[in-house]
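Enquirer: Fold the following for me, if possible:
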Amino acid sequence: MSPVIEAGDCATDELLEQLREGERVTIRTQFLGSDHEVTLRFDGETFYCDTPTTLHKHDTEDGMRECIRKHGYCAT
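Expert: Numbers count the residues shown, from 1 in each chain. Model prediction:
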């Protein structure tokens, strides 16, 4: 099981580096006043962002970078 990181505790590049190294990254974030965990992963071809309601897939690192920034999972 991957360690849980609070949203905003890591820079985008740090998160992407962990994913490229084969790590799963779990981010704890707030949504509508409740804590939720989001799991980020990379299978060597596709980046995944597994939220409580949706599985987002990104074919490129730039797509995953945008997702991480858009949803506030990284440090600003």
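
Enquirer: what's the distance between Asp43 and Cys49?
Expert: Separation of Asp43 from Cys49 (C-beta to C-beta, to the nearest Å): 13 Å. Using the backbone N, CA and C atoms, a C-beta is placed for each residue, glycine as well.

Enquirer: More neighbours: the two, which one.
Expert: Cys49 (21 against 9; other C-beta atoms under 10 Å).

Enquirer: Is there a neighbour count for Asp59? I'd like the number.
Expert: For Asp59, the neighbour count with other C-beta under 10 Å is 10.

Enquirer: what's the nearest residue to it if we skip its chain neighbours?
Expert: Residue nearest to Asp59 in three dimensions, not counting chain neighbours: Thr46, with 6.2 Å by C-beta to C-beta, 6 or more residues apart in numbering.

Enquirer: between Asp43 and Cys49, what contacts are shared?
Expert: Counting by C-beta atoms under 8 Å, 6 or more residues apart in numbering, no residue touches both Asp43 and Cys49.

Enquirer: any idea of the mean pLDDT for the longest strand along the chain?
Expert: Ranked by residue count, the top strand of the chain under DSSP state E comes out as strand 34-42. For strand 34-42, the mean per-residue pLDDT is 92.

Enquirer: For stretch 46-60, buried residues please.
Expert: Neighbour-count burial for stretch 46-60 flags 47-50, 58 (criterion: 16 or more other C-beta atoms under 10 Å).

Enquirer: between those, which is closest to Glu6?
Expert: Of all the buried residues of stretch 46-60, Glu6 sits closest to Cys49, with 16.7 Å by C-beta to C-beta.
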